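**Student:** Using only what follows, build the 3D model:
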Amino acid sequence: MSAQPDQPWRLSVAPMMEWTDRFCRPFHRQFSRNARLFTEMVTTGALLHGDVHRHLRFDGAEHPVALQLGGSDPEALARCAELGEQYGYDEINLNCGCPSDRVQTGCFGAVLMKDAPLVARAVRAMRSAMSRPVTVKHRLGVDDLEGYDFLRGFVDTVAAAGCEVFVVHARKAWLSGLSPKENREIPPLDYPMVYRLKQDYPQLTVVINGGIKTVADCQKHLRQVDGVMIGREAYENPYVLAELQAALFDGIAEPELERTDYLLAYLPFVEAELRAGTPLARIVRHILGLYRGQPGGRGFRRVLSEKGHRAGAGLDVLRQALAEVERDDDLSEAA
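**Tutor:** Numbers count the residues shown, from 1 in each chain. Coordinates of the predicted model:
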C-alpha cells in the first residue's frame with residue numbers, strides 16, 4: 001500500500017519539546033524521506049524578542065518540515081508565520097493542544113480550544129501574512145468542554161478561517177490536576193471520534209495522533225483518516241520510521257537498510273556540527289534508542305551516555321559505541 005504524491009500528511013513525527021530539535025530531525029530524516037517532521041513548539045515571544053536564527057535555522061535535508069508556533073495574539077502569530085516562510089518551512093502549525101502550566105499562563109496551547117473564534121482570527125492572520133499551509137494541532141476537548149458537538153464546533157469555526165488540515169490528538173486535556181505527562185496517558189483515547197470528524201468533513205485533511213506505535217496501528221488508522229502522527233515511539237525507537245517508510249510509501253514489507261546504515265548516513269551531519277563547535281552530547285542523545293531491543297543496544301547506550309558528554313568527545317565515541325553492537329552481533333552469530 002504505497003502513498004500517492006498528494007498525501008503530504010500521510011505520516012508525521014509529532015512536535016516534542018526538547019526532543020525534535022535541529023539535531024534530532026536530520027537523524028529522523030535518514031529513516032524516511034517522506035515523513036513530515038515538526039519542530040519543537042516555538043513561542044511568538046521567543047521569535048519576536050529573541051534570536052530568530054537560533055530558533056528557526058534547520059538543515060535543508062529536513063524537508064518536508066513544519067514549524068509549530070505557540071501563541072495567541074493573531075498579529076504576533078502572523079509576524080512569526082511570515083518569518084517561518086522566509087526561513088523555508090513547508091508548513092506553519094498552531095499549537096492548540098499542549099496542556100503544560102507554562103503554556104496556560106501564556107494563553108496558548110490547549111487553553112485556546114476554549115476560544116475557537118480567537119483561533120480562527122489567528123489562522124486568518126497567519127494565512128494573510130504568507131502562502132504556506134496553516135494547520136492546527138489540537139485535542140478532542142479541554143476540561144469540561146468535551147464531546148463531539150464541542151469538537152465539531154471548534155473545527156467548524158477554525159475551518160471557516162481557511163484551515164484545511166487538523167491534527168487531532170485523540171484525547172481531551174485537563175488543564176488542572178494532571179501533569180503534561182499524565183495528560184498524555186490518563187485521558188482515554190477516543191479514535192472513533194476522530195474517524196467521525198473525517199466522515200463529517202471529507203473536504204478537510206484529518207491527521208490522528210496519540211498512542212500510535214506500529215505499522216499495523218498506522219495502517220488501521222489510515223483506513224479512516226488521511227494521516228497518522230507518531231510521537232514518543234519515533235523518538236525512543238527511531239527504526240520504526242524506516243518500517244513505516246517501507247510499508248506506507250515504498251510498498252515493501254521490510255526496510256532495505258540495517259540500523260547501522262542509517263546511523264552511518266547521519267555521521268556527515270554529526271561531523272559538520274562537531275566542526276562548528278556543537279558538543280557531541282547535544283547530538284547523540286537523540287540516537288540512544290536506535291538499537292532498542294537489539295544485541296549490543298545496552299552497550300551502545302552506555303558508551304554514548306558515559307563518554308558523549310566529555311570535553312572534546314567526537315566521532316571516536318560513536319565508533320566505540322558501534323563496536324559494542326558489532327561485538328554482540330558476532331557473539332549472537334557464534335552462539
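**Student:** Between the two ends of stretch 160-167, how far is it?
**Tutor:** End-to-end distance of stretch 160-167: 16 Å, with C-alpha to C-alpha, to the nearest Å as the criterion.
**Student:** List the contacts of it.
**Tutor:** 9, 12, 91, 93, 119-121, 123-124, 127, 133-138, 155, 158-159, 197, 203-207, 209, 227, 229 (C-beta atoms under 8 Å, 6 or more residues apart in numbering). C-betas here are computed from N, CA, C, even on glycine.
**Student:** quick one: contacts of the helix or strand harbouring residue 46?
**Tutor:** Applying DSSP states H and E as the criterion places residue 46 in helix 44-49. Under the criterion C-beta under 8 Å, 6+ apart, residues 55-56, 69-71, 73, 76-77, 79-80, 83, 106 lie in contact with helix 44-49.
**Student:** In strands only, show me these.
**Tutor:** Those of the contacts of helix 44-49 mapping onto strands are 69-70, per DSSP state E.
**Student:** mind putting the contacts of helix 44-49 in a markdown table, distance to residue 21 included?
**Tutor:** Below are the contacts of helix 44-49 laid out as a markdown table (distance: C-beta to C-beta, whole Å):
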| residue | distance to residue 21 |
| --- | --- |
| 55 | 10 |
| 56 | 12 |
| 69 | 16 |
| 70 | 15 |
| 71 | 19 |
| 73 | 25 |
| 76 | 22 |
| 77 | 21 |
| 79 | 23 |
| 80 | 18 |
| 83 | 18 |
| 106 | 20 |
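**Student:** Which ones among the contacts of helix 44-49 lie within helices?
**Tutor:** 55-56, 76-77, 79-80, 83 (DSSP state H).
**Student:** related to what we said a few turns ago, pull out the buried members of the contacts of stretch 160-167.
**Tutor:** Buried members of these, scored by 16 or more other C-beta atoms under 10 Å, are 9, 12, 91, 93, 119-121, 123-124, 127, 133-138, 155, 158-159, 197, 204-207, 209, 227, 229.
**Student:** buried set for whatever helix or strand residue 156 lives in?
**Tutor:** Using DSSP H and E, residue 156 sits within helix 148-159. Buried residues in helix 148-159, defined by neighbour count with 16+ other C-beta under 10 Å: 150-151, 154-155, 157-159.
**Student:** swap in stretch 271-290?
**Tutor:** Result for stretch 271-290 [16+ other C-beta under 10 Å]: buried residues 273-274, 280, 283-290.
**Student:** And stretch 172-192, by the same measure?
**Tutor:** For stretch 172-192, using 16+ other C-beta under 10 Å, the buried residues are 172-175, 183-184, 187, 189-191.
**Student:** May I ask which of these comes out lowest in pLDDT?
**Tutor:** Least confident entry in those, by pLDDT: residue 183, with 67.
**Student:** rewinding a little: save the buried residues of stretch 271-290 as TSV, and put in distance to residue 261 and secondary structure too.
**Tutor:** Below are the buried residues of stretch 271-290 laid out as TSV (distance: C-beta to C-beta, whole Å; DSSP: H, G, I helix; E, B strand; the rest coil):
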residue	distance to residue 261	secondary structure
273	20	helix
274	21	helix
280	21	helix
283	18	helix
284	17	helix
285	21	helix
286	17	helix
287	13	helix
288	18	coil
289	16	coil
290	11	coil
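**Student:** Need the buried residues of stretch 172-192 in TSV (columns: distance to residue 253 and secondary structure).
**Tutor:** Output for these, formatted as TSV (distance: C-beta to C-beta, whole Å; three-state DSSP):
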residue	distance to residue 253	secondary structure
172	37	coil
173	38	strand
174	41	coil
175	43	coil
183	36	helix
184	31	coil
187	35	coil
189	28	coil
190	31	coil
191	25	helix
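**Student:** which of these lies closest to residue 142?
**Tutor:** Proximity of those to residue 142 (C-beta to C-beta) peaks at residue 173, which lies at 5.0 Å.
**Student:** For that closest one, which residues are in contact?
**Tutor:** 97, 99, 110, 113, 139, 141-143, 183, 187.
**Student:** Right, I'll call it a day here.
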